[in-house]
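In: here are the coordinates; sequence isn't available:
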C-alpha cells in the first residue's frame, strides 16, 4: 500500500478505535496485552502516533527528543476520542509534509524511515484495534487487503536487522539452521516464507514448500501471528507440517504484547 493509503487507513481505524473507547472504564483489562488496562492501550496508541509525527515532521536523525516528548493520554476517558483523532490527524499531516525518501530515523536498520513509519503506524492501528475489541467484547473486522498489509508490517519488522540486534532474546530463540515457515493468506494476495538462519531470519515473498505452512483468511492469520488470537482458537486456519516449529515462532512474537 502507498504511504497516502496507509495514513488514510490509520486515520479511519483510529476514529473507529476512538469511538469504541470513548467514555469507557479506564481500568478495563486488555486480555491480549495482559499487563495493560484500557488506559494503557489508549495512551500507547495516541502517544506513539504523536511521537512518530514529531520524528517525521522534524526529520529527526535520532529519536531522543521525540521519546522525551511522549504525551500521555488524558486521564478522563470522556476526552479520549478527541485526543486520539487529533493525534491521527497530526500524524497524517506530518507524513504529507515529506517525501518517501526524506531521511528520518527508524529502528529497522533499513534507512527507510518515512515508509517504515507509515507502515508501522498502520500495523499498530490494525493490531491495537483488535486489542480494544478483545477488551470491550466487540467484533473485530479487517478488510483482507488491509490484513495482508498489516502482516507484511509485522513480519518485516520482526525479521529486520534492527530488531534482531536490539532484542537478543529474540535472536537467541530464532537462530536456526534453515528451518522454514510459510504463511499464506487465502482471501487476498499475500505469501511469505520465513527461514531461520544462524545470524538472521530471512523473509521472502514466495510460494514454496516449507517445514510448516499455515494458510487461511488474512485477518485470522494476522491475529495469530501477532498473538491476538490463540492458534487453537483460529479454526479457519489450516496447518501442514511441523506444528512445534510454528508454536515456537508464535511464542516469541511477543514484541507488542510486552
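Out: Looks like it arrived, so ask away. Note that the coordinates shown come from a computational prediction; the quantities given were computed from them, not determined experimentally.

In: tell me the contacts of residue 184?
Out: Neighbouring residues of residue 184 by CB atoms under 8 Å, 6 or more residues apart in numbering: 190, 191, 207, 213, 214, 215, 216, 221. C-beta coordinates here come from the backbone N, C-alpha and C atoms, glycine included.

In: quick one: which of those residues is nearest residue 11?
Out: Of all those, residue 11 sits closest to residue 190, with 23.2 Å by CB to CB.

In: Quick check, pLDDT for the closest one.
Out: Listed pLDDT for residue 190 reads 97.

In: Run a quick check on it versus residue 218, I expect a contact.
Out: Yes: Residue 190 is within contact range of residue 218, at 6.0 Å (criterion: CB atoms under 8 Å).

In: Next, show the common contact partners of these two.
Out: With CB under 8 Å, 6+ apart as the test, residue 190 and residue 218 both reach 148, 151.

In: Give me the subset of the contacts of residue 184 lying in strands.
Out: 191, 213, 214, 215, 216 (DSSP state E).

In: between those, which has the most around it?
Out: residue 214 (24 neighbours; other CB atoms under 10 Å).

In: The spatially closest residue to that one that is not a sequence neighbour: what secondary structure?
Out: Excluding its sequence neighbours, the residue lying closest to residue 214 (CB to CB, 6 or more residues apart in numbering) is residue 239, at 5.1 Å. The three-state assignment at residue 239 reads strand, by DSSP: H, G, I helix; E, B strand; the rest coil.

In: From residue 250, how far off is residue 239?
Out: Note on residue 239: its distance to residue 250, by CB to CB, to the nearest Å, is 11 Å.

In: which residues do the two both contact?
Out: In contact with both residue 239 and residue 250: residue 231, using CB under 8 Å, 6+ apart.

In: helix or strand right after the helix ranked longest in the chain?
Out: For the chain, the longest helix by residue count, based on DSSP state H, is helix 113-136. Per DSSP states H and E, the first helix or strand lying C-terminal to helix 113-136 is helix 144-158.

In: Next, the buried residues of the next helix or strand after that following helix.
Out: Sequence-wise, the next helix or strand downstream of helix 144-158 (DSSP H and E) is helix 161-166. Across helix 161-166, burial judged by 16 or more other CB atoms under 10 Å covers 163, 164.

In: Pull the distance from helix 161-166 to the chain's centre.
Out: Distance of helix 161-166 from its chain centroid, counting by CA atoms, centre = their mean, to the nearest Å, is 16 Å.

In: And residue 31, which helix or strand is it part of?
Out: Residue 31 is part of no helix or strand, with elements assigned from DSSP H and E.

In: change the start of the numbering to 46 and stick with it
Out: Sounds good: first residue 46 from here, last item residue 76.

In: Now do it against residue 182, distance only.
Out: 10 Å.

In: which one of these two has more residues nearby?
Out: Between residue 76 and residue 182, counting by other CB under 10 Å, residue 76 is the more crowded of the two (11 against 7).

In: Can you give me the neighbour number for residue 156?
Out: Using other CB under 10 Å, residue 156 has 11 other residues around it.

In: That one: what's it in contact with?
Out: residue 148.

In: so what pLDDT did residue 287 get?
Out: As predicted, residue 287 sits at a pLDDT of 98.

In: Show me the beta-bridge partners of the spatially closest residue to it that is not a sequence neighbour.
Out: In this structure, residue 287 finds its nearest non-sequential neighbour in residue 257, 4.5 Å apart by CB to CB, 6+ apart. On the basis of DSSP bridges, residue 257 is bridged to residue 226, residue 286.

In: Tell me how far stretch 157-169 lies from the chain's centre.
Out: Relative to the mean C-alpha coordinate of its chain, stretch 157-169 is positioned 9 Å out (CA atoms, centre = their mean).

In: list the buried ones in that stretch?
Out: 157-169.

In: CSV for these, including distance to residue 48?
Out: Formatted as CSV, the buried residues of stretch 157-169 follow (distance: CB to CB, whole Å):
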residue, distance to residue 48
157, 11
158, 12
159, 7
160, 6
161, 11
162, 9
163, 5
164, 8
165, 12
166, 10
167, 10
168, 14
169, 15
